[in-house]
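**Q** Sequence isn't available, so here's the structure alone:
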């Protein structure tokens, strides 16, 4: 039995990948409608409910999490009696944009300039140190573009403070990047690591819209560099499982933006597009099995279905299209599913992608 | 909700393919341990229990079956109120080796010579009409090599009658085939059909051991012929769903052996090895969605895990190996799971296959 903190689409796809490996699943989620509910047991409770945490872990061989905002104390409580992968210390790093960027810097992965701020005076100083335009973010709890404020002129600082003040903040240089990339990798307990091809990501309104894998026309040395960065982060953290590192490509080099200590939306293409999916490799890693090849199979694109669903029959009519629904009710801004397209050559992929984009709008 | 008569590994893999399409599943199976139990609802009852059949179908959009020995009367009962795909009339054909072969003959698919026999005198006449050696089979209920008797000399006829007599039999010419093949195809209600590449199958003790897809070195005209045969069978039966037709290749031509009106063991490679798996296409067909491409992605081999499991860690260490366990207790002769290998080129596939074969014995 594998326990998962969180029962949403990532838990759901872990379970779909895990049943063929002979695994069973139990998830903890505050919602009785959590998307994993038909694929395993569901404990419905807040993430900090001690009894629920114990019920989740009871009889589990290993516990993992599908999102990094799970209370680290909850992961630590479970880890006293049951292995938790990635280990709870990873959450301390990944929950704080400051420690995350400090880690990147220590390991030689360049980042946008950054400075922490916990008061209005510190905010002014931080923004002036990184330069304007800057993006100010809460150090913790932000995701999908929430908890962020772009400062374009000094006059924006008042509104920024009104929006975000009172929390620990980080001001970051607003990098004029060429594109957003990510690299996913899996590491097993014995240190074996596989790295997926770097992916190109396009966001809309702060939410991932599209990933292309492998990233088109990526300079080979950037793939090599991304792999090295992924390996050093994993080794430094003595990490077990899948990690995603979001990157900027700017002027022919990579900068680290943030990391997610879990399977990641920009890795959903791996279900069809890689020899071993990120979900299967996360499970292989946390259960002590050998990792599978992370090689790409042809070219893939993943498009999120956000807020409402298009005509699914028309989507499935596109050659090479596979549908992944998350069993969630529609709501603006909510990820309801994704579509993966595969093709043998990039041109074919782009043709199919333009058909899909027309349907999705 | 999709209902399935039978809750074994085929139902399990249908459910794994169907959740991403937004489907839920309910299966009827006499065993409370049926492999689909963690992936949907399970009605535990015999296949001819009227109340259980009604409970299976209640609220289902469509009902299908995972094996052809389900009582046709059960399928007909459900079909009065709920669509059943493939329609119950298909079971009448597929449950009887005689009508199956007559269908093949009517549609221009050659078969081994055959003759029915219901008495000892008819058996003698049938065997002498098809020639010795002959294989005598029960017309109904045989599978995985059960209910078969090879007659090598006239003296074998007594033992054959002792083993099989009292049932309706069919005597078939024992074809000296070059290899066993199969072709799988899916047809939607509007007549659209996709055909998978022909597969080469190797049996051990009457149970499928290995499938290679696409069948190595298949003459292109045999792929064309197999596709045409599959289409004519599907059209003739006004079939909705996936069908498998087992073939012999003998002297450069194809002969029809039997058909399975369902997803099939020789199509398990499609999960990783085809653009759209047989399971996804069966579900697309029976739910009125457009079919997906049946094209192969590189080269694949599928090996069944029968009776007992090998060292699964070693299996997963093989590059390109994916494991599919069926959640069934070990028992001699029982299919417990399968392993799919994928590779870009045939030589690489054969290397990986020899590693796997060494582990499995």
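**A** Sure thing, it's come through. Every value quoted in this text rests on a predicted model; they were computed, and no experiment measured them. Numbers count the residues shown, from 1 in each chain, chains lettered A, B, ... in the order given.
**Q** contacts and neighbour counts: CA atoms only from here.
**A** Will do.
**Q** check contacts around the residue of the stretch 201-350 of chain A found nearest chain B.
**A** Closest contact between the stretch 201-350 of chain A and chain B, by C-alpha to the nearest C-alpha, is at residue A:324 (4.3 Å). Neighbouring residues of residue A:324 by C-alpha atoms under 8 Å, 6 or more residues apart in numbering or on different chains: A:337, A:338, A:339, A:340, B:20, B:21, B:22.
**Q** what's in contact with stretch A:216-230?
**A** Applying C-alpha under 8 Å, 6+ apart, the set of residues contacting stretch A:216-230 from outside is A:107-109, A:183-185, A:195, A:197-198, A:200, A:245, A:253-254, A:346.
**Q** one step back: in space, what's closest to the residue of the stretch 201-350 of chain A closest to chain B - neighbours in sequence excluded?
**A** In space, and not counting its chain neighbours, residue A:324 is closest to residue B:20: 4.3 Å by C-alpha to C-alpha, 6 or more residues apart in numbering or on different chains.
**Q** ok so, going back, what about the contacts of stretch A:216-230, which are in helices?
**A** residue A:346 (DSSP state H).
**Q** which one among the contacts of stretch A:216-230 gets closest to residue B:237?
**A** residue A:346 (39.8 Å; C-alpha to C-alpha).
**Q** Which pLDDT value belongs to that closest one?
**A** As predicted, residue A:346 sits at a pLDDT of 97.
**Q** Quick check: the gap between it and residue A:298.
**A** From residue A:346 across to residue A:298, the span is 9 Å (C-alpha to C-alpha, to the nearest Å).
**Q** quick one, what contacts the residue located most distally from the centre of chain A?
**A** For chain A, the residue at maximal distance from the C-alpha centroid (C-alpha atoms, centre = their mean) is residue A:155, at 33.3 Å. Listed by C-alpha under 8 Å, 6+ apart, residue A:155 has no contact partners.
**Q** Backbone dihedrals for it, please?
**A** Main-chain torsions, residue A:155, degrees, to the nearest 10: phi -70, psi -20.
**Q** same thing with residue A:120?
**A** Reported as degrees, to the nearest 10, the phi and psi values for residue A:120 are phi -60, psi -40.
**Q** Count residues in the vicinity of residue A:51, would you?
**A** Neighbours of residue A:51 under the rule other C-alpha atoms under 10 Å in any protein chain shown: 10.
**Q** Let me fix that, I meant to ask about residue A:23.
**A** Neighbour count for residue A:23, taken as other C-alpha under 10 Å: 17.
**Q** Could you check how far the residue nearest to it when sequence neighbours are not counted is from chain B?
**A** Taking C-alpha to C-alpha, 6+ apart, and ignoring the residues beside it in sequence, residue A:23 has residue A:1 as its nearest neighbour in space, at 6.0 Å. Going from residue A:1 to chain B by C-alpha to the nearest C-alpha, to the nearest Å gives 12 Å.
**Q** Quick check: residues of chain A near chain B?
**A** Contact residues, chain A versus chain B (C-alpha under 8 Å from any C-alpha of the partner chain): A:16, A:19-22, A:38-40, A:272, A:275-276, A:289-293, A:313, A:316-317, A:319-327, A:342.
**Q** Would you mind listing which of these are buried?
**A** Buried members of those, scored by 16 or more other C-alpha atoms under 10 Å in any protein chain shown, are A:16, A:19-21, A:38-40, A:272, A:275-276, A:289-293, A:316-317, A:319-327, A:342.
**Q** Filter those down to just the ones in strands.
**A** Using DSSP state E, the subset of those located in strands is A:321, A:322, A:323, A:324, A:325, A:342.
**Q** what residue lies at the spatial centre of chain A?
**A** In chain A, the centroid-proximal residue (C-alpha atoms, centre = their mean) is residue A:264; its distance is 3.4 Å.
**Q** ok, for that residue, nearest residue in space, not its chain neighbours?
**A** Of all residues not flanking residue A:264 in the chain, residue A:244 sits nearest, at 6.2 Å (C-alpha to C-alpha, 6+ apart).
**Q** Was I right to think the one you found contacts residue A:262?
**A** Yes - between residue A:244 and residue A:262 there is a contact at 6.8 Å, judged by C-alpha atoms under 8 Å.
**Q** Looking at these two, which is more packed in?
**A** Each of residue A:244 and residue A:262 has its neighbours counted (other C-alpha under 10 Å); residue A:262 has more, 25 against 22.
**Q** Closest one of the contacts of residue A:324 to residue A:304?
**A** Nearest to residue A:304 out of the contacts of residue A:324 is residue A:338 (C-alpha to C-alpha; 4.3 Å).
**Q** can you give me the helices in chain A?
**A** Secondary structure of chain A (DSSP H): helices at A:9-18, A:50-57, A:72-79, A:88-94, A:97-106, A:120-130, A:156-164, A:220-236, A:270-273, A:278-286, A:312-317, A:346-360.
**Q** of all the ones you listed, which gets the most neighbours per residue?
**A** Burial of those is given as mean neighbour count (mean count of other C-alpha atoms under 10 Å in any protein chain shown); helix A:278-286 ranks first at a mean of 28.
**Q** What lies in contact with that one?
**A** Outside helix A:278-286, the residues that touch it by C-alpha under 8 Å, 6+ apart are A:13-14, A:17-18, A:62, A:64, A:85-86, A:186-189, A:240-242, A:263, A:267-268, A:270-271, A:290-292.
**Q** angle of it against helix A:9-18?
**A** Relative orientation of helix A:278-286 versus helix A:9-18 (axes from the mean of the first three to the mean of the last three C-alpha atoms, to 10 degrees): 70 degrees.
**Q** average pLDDT across helix A:278-286?
**A** Averaging pLDDT along helix A:278-286 yields 98.
**Q** again with stretch A:256-273
**A** Rounded mean pLDDT across stretch A:256-273 is 97.
**Q** where's that stretch relative to the chain centroid, distance-wise?
**A** 5 Å (C-alpha atoms, centre = their mean, to the nearest Å).
**Q** Contacts only, for the closest residue to residue A:266 other than its chain neighbours.
**A** Closest residue in space to residue A:266, ignoring its immediate chain neighbours: residue A:211 at 6.0 Å, by C-alpha to C-alpha, 6+ apart. Residue A:211 makes contacts with A:199, A:200, A:201, A:202, A:266, A:269, A:301, A:302, A:303, as judged by C-alpha under 8 Å, 6+ apart.
**Q** Mind picking the two most distant members of those?
**A** The span of these, defined through C-alpha to C-alpha, is set by A:202 and A:269 at 13.9 Å.
**Q** With neighbour numbers in mind, choose between these two.
**A** The residue with more neighbours, out of residue A:202 and residue A:269, is residue A:269; 27 against 16, by other C-alpha under 10 Å.
**Q** tell me the contacts of the residue lying closest to the more buried one once chain neighbours are set aside?
**A** Closest residue in space to residue A:269, ignoring its immediate chain neighbours: residue A:302 at 5.4 Å, by C-alpha to C-alpha, 6+ apart. By C-alpha under 8 Å, 6+ apart, the contact set of residue A:302 is A:210, A:211, A:212, A:266, A:268, A:269, A:338, A:339, A:340, A:341.
**Q** hmm, back to that, the residue nearest to the centre of chain A and residue A:122, how far apart?
**A** Residue A:264 is 33 Å from residue A:122, by C-alpha to C-alpha.
**Q** for residue A:174, same thing?
**A** Applying C-alpha to C-alpha to residue A:174 and residue A:122 gives a distance of 18 Å.
**Q** What is the neighbour count of the residue nearest to residue A:23?
**A** So residue A:1, with other C-alpha under 10 Å, has 16 neighbours.
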